[in-house]
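>>> Below is the sequence, then the predicted model.
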Amino acid sequence: MKTVSSKINSRPIGVFDSGLGGLTVLKELEQYLPNESFIYFGDTARVPYGNKSSDNVINYSQRIIQFLINKNIKLAVVACNTSSALALSHLNNLFDMPIFGVIGPSVKFAEKISKFSQIGVIGTNATIKSKAYSKAFKKMGSNKKITEYACPLFVPLIEEGMLRGQIVKKIILHYLKEIPLNKIDTLILGCTHYPLISTELQ
Ligand code: DGL
């Protein structure tokens with residue numbers, strides 16, 4: 001019995017994202033779970049997910065989880081906000097294995113640290129359109145005021161490796177000037193790519 005459980009535990013954790021952005025999540029996971037091994041799948045052939053239909057994102061996510069299951073993972077982390085927003089409940093209904101998304105943990109943390117109850121969320125078109133963040137706050141019984149904004153050019157920029165400089169700054173300003181930053185006390189980077197430009201965002 002012991003041998004079986006240690007065999008199960010030594011199986012890898014699958015992590016996937018539409019591209020490179022999920023490496024920010026993988027980095028954190030490796031830090032918190034140093035004894036685990038991971039398989040990372042970045043769907044760089046089909047990135048960005050943020051402008052695709054919900055059916056497409058569900059279809060890609062399902063196929064990637066199946067691919068990772070074939071690699072013998074013991075659980076999966078959907079390190080993509082767009083996929084977490086559009087596909088997570090479908091994946092959890094379909095697969096008999098723990099599958100975690102990234103929206104729930106961000107929402108719980110923001111709820112805890114927000115001082116004045118005004119929270120902004122930036123993300124891809126699909127994530128923002130789904131209202132997944134507002135819904136998650138509501139589900140938790142939160143009374144915070146949530147405002148959500150799409151920043152669709154950030155992902156192509158980041159996938160091109162453009163993380164700093166004038167162009168990045170201009171595009172950030174293009175979106176952030178639409179957001180009443182003086183009215184929010186916490187901004188959720190609702191896309192796993194965005195921490196890669198957090199210096200410029202800050
Ligand atoms: N990294 C993804 C996210 O967190 C998706 C970006 C994209 O593929 O558009 O939403």
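Received it, and whenever you're ready, just let me know what you need. Residues are numbered from 1 along each chain as shown.
>>> can you list the residues of the chain near the ligand?
Within the chain, the residues that sit near the ligand (Cβ under 6 Å from any ligand atom) are 17-19, 21, 47-50, 80-82, 124, 127, 155, 191-193. For glycine as for every other residue, the C-beta is placed from the backbone atoms N, C-alpha and C.
>>> From these, which land in helices?
With DSSP state H as the criterion, helices contain 81-82, 127, 155 from among the residues of the chain next to the ligand.
>>> Which of the residues you listed has the largest number of neighbours?
residue 81 (35 neighbours; other Cβ atoms under 10 Å).
>>> residues touching that one, list them.
102-103, 123-124, 127, 132, 190-192 (Cβ atoms under 8 Å, 6 or more residues apart in numbering).
>>> Any regions of this structure where pLDDT drops low?
Along the chain, segments meeting pLDDT under 70 span 1-8.
>>> if you set the cut-off to 50 instead, what comes out?
1-7 (pLDDT under 50).
>>> can you map out the helices along it?
With helices called from DSSP H, the chain shows them at 2-9, 23-32, 54-70, 81-94, 103-113, 125-130, 132-139, 154-159, 166-176, 198-201.
>>> Show me how far the last one is from its chain's centre.
In this view, helix 198-201 has its centroid 17 Å away from the chain centroid, taken as Cα atoms, centre = their mean, to the nearest Å.
>>> and what of the fourth one?
The chain centroid and the centroid of helix 81-94 are separated by 11 Å under Cα atoms, centre = their mean.
>>> what's the angle between that helix and helix 54-70?
Interaxial angle, helix 81-94 versus helix 54-70 (axes from the mean of the first three to the mean of the last three Cα atoms, to 10 degrees): 60 degrees.
>>> And helix 81-94, what's buried?
81-88, 90-91 (16 or more other Cβ atoms under 10 Å).
>>> For the residues you listed, which two are the farthest from each other?
81 and 90 (15.5 Å; Cβ to Cβ).
>>> hmm, back to that, what's the closest of the buried residues of helix 81-94 to residue 66?
Closest to residue 66, out of all of these and judged by Cβ to Cβ, is residue 91, at 9.9 Å.
>>> re earlier: and the contacts of residue 81 as JSON lines, adding distance to residue 109?
Output for the contacts of residue 81, formatted as JSON lines (distance: Cβ to Cβ, whole Å):
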{"residue": "102", "distance to residue 109": "11"}
{"residue": "103", "distance to residue 109": "11"}
{"residue": "123", "distance to residue 109": "16"}
{"residue": "124", "distance to residue 109": "20"}
{"residue": "127", "distance to residue 109": "17"}
{"residue": "132", "distance to residue 109": "16"}
{"residue": "190", "distance to residue 109": "12"}
{"residue": "191", "distance to residue 109": "16"}
{"residue": "192", "distance to residue 109": "15"}
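>>> Please identify which pair of these lies farthest apart.
Greatest spatial distance among the contacts of residue 81 (Cβ to Cβ): 132 and 192, at 13.8 Å.
>>> okay, these two: which has more neighbours?
residue 192 (28 against 25).
>>> Near the nearest residue to that one once chain neighbours are set aside, how many other residues are there?
Nearest in space to residue 192, with sequence neighbours left out and distances taken as Cβ to Cβ, 6 or more residues apart in numbering, is residue 21 at 3.9 Å. For residue 21, the number of neighbouring residues by other Cβ under 10 Å comes to 25.
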